[in-house]
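Visitor: make a model of this:
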Amino acid sequence: MDVGAHEDTVEDALDRIAAAWDGGDAAAYAREFTEDASYVVYLGRAYRGRAEIERAHVPVFGKWQKGSRMGYRVLDVRPVGPGAAVVLTEGGVGKPGRVRLDKVQTYAMVRGADGRWRCAAFQNTRRNRLLLRLTALFERGA
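Guide: The predicted structure follows:
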């Protein structure tokens, strides 16, 4: 990398993931994951590998989430070793200007030999407001 060149960050990688989603580009989206990445959606379906992630997102971007936008807010970035970090976000997808951050996501990020951060594992969990309230009640009573 050239001196003075921008060093890729975890946030840059998350921005690329969101931009690929916003562009409806399954190939660009999948490129932000490692070749052997694991990807778990909020329904519990697991995909393995970049090629499977790309195939799964072609109908997502072409049909039921066509034109949607991704939003996220980083809650925590925790380095876990050289070139590795666990990232916790709240995020969501929706119509432009109306993206609810209704999911909690965990990204295991790794820096490749090319200096770029990519996601090696992704877990997406939808918030269940009722269960969160009940859990809070039980935790207060414990």
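Visitor: give me the phi and psi angles of M109.
Guide: For M109, the backbone dihedrals are phi -110, psi 140 (criterion: degrees, to the nearest 10).
Visitor: ok, the one 5 residues further on next?
Guide: Taking degrees, to the nearest 10, you get phi -80, psi 0 for the backbone angles of D114.
Visitor: for T9, same thing?
Guide: Dihedral angles (degrees, to the nearest 10) for T9: phi -120, psi 170.
Visitor: so what's the closest residue to it other than its chain neighbours up against?
Guide: Excluding its sequence neighbours, the residue lying closest to T9 (CB to CB, 6 or more residues apart in numbering) is W117, at 6.8 Å. Quick note: C-beta positions are derived from backbone N, CA and C, even for glycine. Residues counted as contacts of W117 (CB atoms under 8 Å, 6 or more residues apart in numbering) are 8-10, 12-13, 85, 109-111.
Visitor: Throw those into JSON lines and include neighbour count and pLDDT, thanks.
Guide: Listed next are the contacts of W117 as JSON lines, based on neighbours: other CB atoms under 10 Å; pLDDT from 0 to 100:
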{"residue": "D8", "neighbour count": "17", "pLDDT": "96"}
{"residue": "T9", "neighbour count": "14", "pLDDT": "96"}
{"residue": "V10", "neighbour count": "18", "pLDDT": "97"}
{"residue": "D12", "neighbour count": "13", "pLDDT": "97"}
{"residue": "A13", "neighbour count": "22", "pLDDT": "98"}
{"residue": "A85", "neighbour count": "19", "pLDDT": "98"}
{"residue": "M109", "neighbour count": "24", "pLDDT": "98"}
{"residue": "V110", "neighbour count": "18", "pLDDT": "98"}
{"residue": "R111", "neighbour count": "18", "pLDDT": "98"}
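Visitor: which of these fall in helices?
Guide: When DSSP state H is applied, the contacts of W117 are split such that 10, 12-13 fall in helices.
Visitor: poorly predicted segments of the chain, please.
Guide: In the predicted model, the chain carries pLDDT under 70 at residues 1-5, 129-138, 142.
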